[in-house]
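S.K.: build me a structure from this.
(one chain, ligands or ions: 1)
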Amino acid sequence: MSELSLVIGNKNYSSWSLRPWLLLKHFDIDFKEIRVALYTPETHENLAKYSPSLKVPVLIQTSRVIWDSLAICEYISESHLSNRGWPKSADARAIARSVCAEMHSGFFALRNELPMNCRKQFLDFEPSAAALSEVQRIKAIWGECRERFGLDGEWLCGEFSIADCMFAPVVIRFHGYGIVLEGELKAYAERVLSHPDVAIWIKEGAEESEVIEIAEV
Ligand SMILES: N[C@@H](CCC(=O)N[C@@H](CS)C(=O)NCC(=O)O)C(=O)O
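M.R.: Here you go, the predicted model:
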């Protein structure tokens, strides 16, 4: 039996759940997936069984409970990867940590206006000025990371890292809402979308039947 369980929400909508799930999958770490459907009459009661914050994701390792996506990614990197969740070089590690923290604590317009929705493809979506300026900032982050660390590998900070997990749901959003990317940024987004585990998440999300009205645009 797997010693780790990851509690996640609906794959179609739960962008925070995708982040640690992808880290575990990419590094082939065995875990049990526990799914709690969000925004149903039973959600509160079901989340209360696992999650001190009443949110997903939550990682459970025997009696230890770790909640919040970034804390879970940090924990997995330390406990199961000898810190390989972060880039090797101190420079890349510093940037990876900074962009992950920026993602985790910001981009509210993007999150509100372009919620992750694996089954949707918008053709004429027009983000607000606030969301557009966040899109520009994300493009700048990706561009700078690829320029600085491109020689070390094909991911944001060279080798695949927590930074790619933190931005994977953003790639799905950009794809779904028709945000145009060019050159290296387009190539990066395509790489993320064709990551086998991301592709599985999107497929399974799109196959879910629940509709969460507040997350629909
Ligand atoms: N800061 C948290 C955010 C977690 C979060 O907002 N999760 C959403 C799903 S993506 C949730 O559990 N929503 C249920 C609710 O608010 O009732 C993290 O990084 O894990």
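S.K.: tell me which parts of this protein are close to the ligand?
M.R.: 9, 14-17, 38, 55-57, 68-70, 104 (Cβ under 6 Å from any ligand atom). Bear in mind the C-beta positions are built from the backbone N, C-alpha and C, glycine included.
S.K.: let's see it at 5 Å
M.R.: Gly9, Ser14, Trp16, Leu38, Lys55, Val56, Asp68, Ser69 (Cβ under 5 Å from any ligand atom).
S.K.: tell me which two of the residues you listed sit farthest apart.
M.R.: Using Cβ to Cβ, the residues of the chain next to the ligand reach their maximum pairwise distance at Leu38 and Asp68, which is 16.0 Å.
S.K.: and Lys55, its phi and psi?
M.R.: The phi/psi pair for Lys55 (degrees, to the nearest 10) reads phi -130, psi 160.
S.K.: residues in contact with it?
M.R.: When contacts are counted by Cβ atoms under 8 Å, 6 or more residues apart in numbering, Lys55 touches Trp16, Leu47, Trp67, Asp68.
S.K.: among the residues of the chain next to the ligand, which are in strands?
M.R.: Among those, no member falls in strands (DSSP state E).
S.K.: so which of these is the most crowded?
M.R.: Ser69 (28 neighbours; other Cβ atoms under 10 Å).
S.K.: look at that one and report its pLDDT.
M.R.: pLDDT, Ser69: 98.
S.K.: spit out the contact partners of the residue nearest in space to the middle of the chain.
M.R.: Geometric centre of the chain, nearest residue: Arg19, 3.3 Å, by Cα atoms, centre = their mean. By Cβ under 8 Å, 6+ apart, the contact list for Arg19 reads Pro57, Ser69, Leu70, Ile72, Cys73, Ile162, Cys165, Met166, Ala168, Pro169.
S.K.: go again with 7 Å.
M.R.: With contact set as Cβ atoms under 7 Å, 6 or more residues apart in numbering, Arg19 has these partners: Ser69, Cys73, Cys165, Met166, Ala168.
S.K.: can you check Met116 too?
M.R.: Contacts of Met116 (Cβ under 7 Å, 6+ apart): Tyr13, Ser15, Pro169, Ile172, Arg173.
S.K.: quick one: which of those residues is nearest the ligand?
M.R.: The shortest approach to the ligand among the contacts of Met116 belongs to Ser15, at 5.5 Å (Cβ to the nearest ligand atom).
S.K.: now the closest one: closest residue in space that isn't a chain neighbour?
M.R.: Nearest residue to Ser15, sequence neighbours excluded (Cβ to Cβ, 6 or more residues apart in numbering): Pro169, at 3.5 Å.
S.K.: which elements pack onto the helix or strand hosting that neighbour?
M.R.: Secondary structure assigned from DSSP states H and E places Pro169 in helix 162-176. Under the contact definition 3 or more Cβ pairs under 7 Å, 6 or more residues apart in numbering; DSSP states H and E, helix 162-176 sits against helix 15-26, helix 69-80, helix 90-105, helix 183-193.
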